[in-house]
Every structure is written in structure tokens, then in C-alpha cells.
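A structural model of the following input is requested.
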Amino acid sequence: MILAAHQPNFMPWIGYFHKMSRADKFVLADDVQYTTQSFINRTRIKTAHEKQWLTVPVLTKKQGCQKINEVRIDTSRNWQKKHWKTLVVNYSSAPYFDQYADFFEQIYQQEWQFLVDLNVALIDFLRQELAITTSLFPSSQIALDLTSSTERIIGLAKELGCDEYLSGSGGSQDYLDEKQFQEAGICLKYNQFQHPVYTQQFGNCVSGLSVIDLLFNQGAEVGQYYINPSHVVLESLDWQL
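Residues are numbered from 1 along each chain as shown. Alright, predicted model coming up:
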């Protein structure tokens, strides 16, 4: 059984779901320390002026060190209306935007108190649209008293009955102790992801955007192909990509 894990980011990019699709179980690390200026409360979309951040305002002043699942959204800010207007302005002409408009409008009409609840709701919806059947497990619901990243991941793998851990290919090699994985009998592998080039609004393809850009422009079927091409056959692939 393969385990992967990541913080519950806000409307993550394609690579997040690519890694998730290759695991049997995926841990949403919601009880680790929240970091500002990260993808936990923001994501990027494409506009006529290239990339733009969509940021969920959160309460951090006088809060001290917070775990992700403790972070509250700043409800005094009218961020929902701003987000929704930004999506409509930049994606209303995208071929598949109308298929998702009702869902996102409803998301932005809700009064969210905790960032993690918003993020997990979006991740779960996007996971289903991409036909990912991987089971999700919040780390806060798995009792582990371990400090180092390596020990924690090994503990999660054992607790969930997994014998392989799929890590991201970014900076993970800097903090994961491969020898400890070997000694614990957990096979450590690194996910390899090549960002697809696809037709977007406003010119050439820009990488690193939220996966909603792919869904709005290409639809769920093409999105599923890019996430796991072995599971999807596209008769119209030649004109959609």
C-alpha cells in the first residue's frame, strides 16, 4: 500500500493531485504548523496580466504558533465576493467554466470559520472531479507523538498499513532520512511530475496554477488524463489539448 501526504492547501495545483492519484492513502497534514505566505491559504490563477494570487485572509496577529487546523478565516474581510468576481471575470469565457460555476458560487456564499474546512471541502470536490479514488486521512485524527518529519511519516505509514511512501520531488530530500525509512521497512520513492501544456485563456500556457484552471479550460475528462493517463481514453484528445 502506498502512502502520500501533504498539507491541505487552498485549491492546489495539478501536481498535488498527480501525487494523490498514485497513492492508496493520502494524509492531509492538518496538525502541522501553519506558515504564512504559503499555498495553505492562497493559490494562483491566470489573468490577462499573467498570474494572480487568490488569497484567503486569515487571523494570525497575536495568535502565536498555530496548527493548520486552528487557523481561522478573517470573516471581517469580503474575500468571498472578491474571489468569485475574479473567477468570473477571468474564466467566464473558458469552455467548461459554466459546469463548475454553481459549485464555486455556493462555496463562496458559505460563511467559513476555519481555513482547513474550506480547503478540505475544495480538495475533496476536485479529487472527485479528477476521478481520484485515493482515501483521505486528516493527520489530526491519527494519534502520534513523534517529532521529526521522517519519524512522523514512518509512524503514519505503519498506522495506516502502508509499506511505501511517495514523497514530492521538491525539497523533501533535504529533510527525509532515507536510512530511517530503510530500517523501518518503508520503501521511499519520489513522485515525478511533468507539467502539461494545454490551451488556456490569455495566450500561452502558464504552469503552476490551481488545478481549477485546467478544469475550467479543458474539463474533467482531460484533467483526469493528465492526472492519470493510464485510466482515461480520450477520443477527442487531438483537438482538446
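
use CA for all of it now, contacts and neighbours both
Fine.

tell me the SS of L166?
strand (DSSP: H, G, I helix; E, B strand; the rest coil).

kindly report the same for I154.
Relying on three-state DSSP, one would call I154 helix.

roughly how far does it sit from V116?
24 Å (C-alpha to C-alpha, to the nearest Å).

swap in Y225?
Counting by C-alpha to C-alpha, the gap from Y225 to V116 is 28 Å.

name the residue in those two with the higher neighbour count.
Neighbour count, other C-alpha atoms under 10 Å: between Y225 and V116, V116 has more, with 25 against 17.

could I get the pLDDT score of the closest residue to the more buried one other than its chain neighbours?
In space, and not counting its chain neighbours, V116 is closest to N69: 5.4 Å by C-alpha to C-alpha, 6 or more residues apart in numbering. At N69, the predicted lDDT confidence score is 97.

do the same with A143
Per the predicted model, pLDDT is 80 at A143.

now for it, how many residues are close by?
10.

ditto for I40
I40: 21 neighbours (other C-alpha under 10 Å).

so what's the predicted local confidence for G168?
For G168, pLDDT reads 86.

so where do the strands sit in the chain?
Assigned by DSSP state E, the strands in the chain fall at 2-6, 25-28, 42-47, 50-55, 135-138, 164-167, 187-190.

can you add distance to S76 and mean neighbour count and give the ones you listed back as JSON lines?
Shown next, in JSON lines, are the strands of the chain (distance: least, C-alpha to C-alpha, whole Å; neighbours: other C-alpha atoms under 10 Å):
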{"stretch": "strand 2-6", "distance to S76": "29", "mean neighbour count": "24"}
{"stretch": "strand 25-28", "distance to S76": "27", "mean neighbour count": "23"}
{"stretch": "strand 42-47", "distance to S76": "18", "mean neighbour count": "21"}
{"stretch": "strand 50-55", "distance to S76": "14", "mean neighbour count": "16"}
{"stretch": "strand 135-138", "distance to S76": "28", "mean neighbour count": "16"}
{"stretch": "strand 164-167", "distance to S76": "37", "mean neighbour count": "22"}
{"stretch": "strand 187-190", "distance to S76": "41", "mean neighbour count": "16"}
